[in-house]
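Colleague: sequence? don't have it. structure:
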């Protein structure tokens with residue numbers, strides 16, 4: 001008797017992460033057929049109706065239609081694995097009966113565990129997700145920074161290459177026309193995310209705003225001094241670049 005290969009759709013708006021997930025699935029579960037890849041929620045819904053997959057790897061935060069919107073449509077029709085950067089989403093999803101979850105950045109061992117659980121549940125009816133979806137949808141909207149884990153990784157352009165960078169590698173973020181420049185130990189990278197969004201997403205204990213155009217990783221600071229004009233400047237542990245500190249932010253360093 002010929003067994004029918006299980007099918008899956010991968011919905012993730014970050015192209016590099018989506019490609020990484022598809023690649024790892026191919027290595028760890030070669031029998032799984034990826035029948036569609038979506039970069040936003042609306043495309044995920046279209047692929048869901050078109051292919052009716054057994055499994056949906058679903059990013060919670062997506063443009064167009066969020067992962068929550070998509071999950072309400074898929075509810076009970078496919079096994080769902082939530083992909084998220086936020087631990088509280090993941091724990092809630094798992095506790096409420098979703099098949100499993102993956103945290104960003106992806107870890108091979110965690111994906112292997114998720115695959116094992118999926119294989120054991122493929123013969124069962126997909127979980128009903130109403131409980132966890134209601135829980136996530138009704139989380140306090142007024143203070144998302146209080147419930148979300150800080151940003152931990154970034155997709156950035158280094159020349160013609162898209163590179164996955166952890167925030168711990170970043171010495172500073174600096175506005176640069178339409179881009180935000182990342183200062184790294186081994187060079188620099190560019191992202192399109194504006195500084196004002198990064199301020200809300202990064203850990204404020206680790207990244208301080210020292211100028212309207214600059215955030216610095218406090219772990220990368222070697223020393224703070226004043227130049228001949230009396231302007232406060234930061235010298236970094238790596239590289240020769242100095243960062244100017246606005247007078248309105250000078251109080252951050254008075255206890256150092």
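Modeller: Yep, it's here. Note that the coordinates shown come from a computational prediction; the quantities given were computed from them, not determined experimentally.
Colleague: Assess the claim that residue 227 and residue 244 are in contact.
Modeller: No. Because the distance of 9.0 Å does not satisfy C-beta atoms under 8 Å, residue 227 is recorded as not touching residue 244. Where C-beta positions appear, they are placed from N, C-alpha and C, glycine not excepted.
Colleague: A strand includes residue 127, no?
Modeller: No. Checked against DSSP: H, G, I helix; E, B strand; the rest coil, residue 127 lies outside a strand; its state is coil.
Colleague: Just confirm it contacts residue 82, I think it does.
Modeller: No. Between residue 127 and residue 82 there is no contact, the gap being 11.3 Å when judged by C-beta under 8 Å.
Colleague: between these two, which one's more packed in?
Modeller: Between residue 127 and residue 82, counting by other C-beta atoms under 10 Å, residue 82 is the more crowded of the two (28 against 19).
Colleague: if I've got this straight, that one is in a helix?
Modeller: No. Secondary structure assignment places residue 82 outside any helix; it is strand (three-state DSSP).
Colleague: quick check, residue 26 in a strand?
Modeller: No. The assignment for residue 26 is helix, going by three-state DSSP, so no strand is present there.
Colleague: Mind listing the residues bridging to residue 223?
Modeller: In this structure, residue 223 has beta-bridge partners residue 235, where bridges are defined by DSSP bridges.
Colleague: swap in residue 79?
Modeller: With beta bridges defined as DSSP bridges, residue 79 has these partners: residue 55.
Colleague: For the stretch 151-256 of the chain, just list every one of the strands.
Modeller: Residue ranges of the strands in the stretch 151-256 of the chain, as given by DSSP state E, counting those that start in this stretch, are 153-158, 161-166, 170-176, 179-184, 187-191, 207-211, 214-217, 221-226, 232-236, 242-245.
Colleague: Between those, which one is closest to residue 42.
Modeller: For those, the distance to residue 42 is smallest for strand 153-158, at 21.2 Å, taking C-beta to C-beta.
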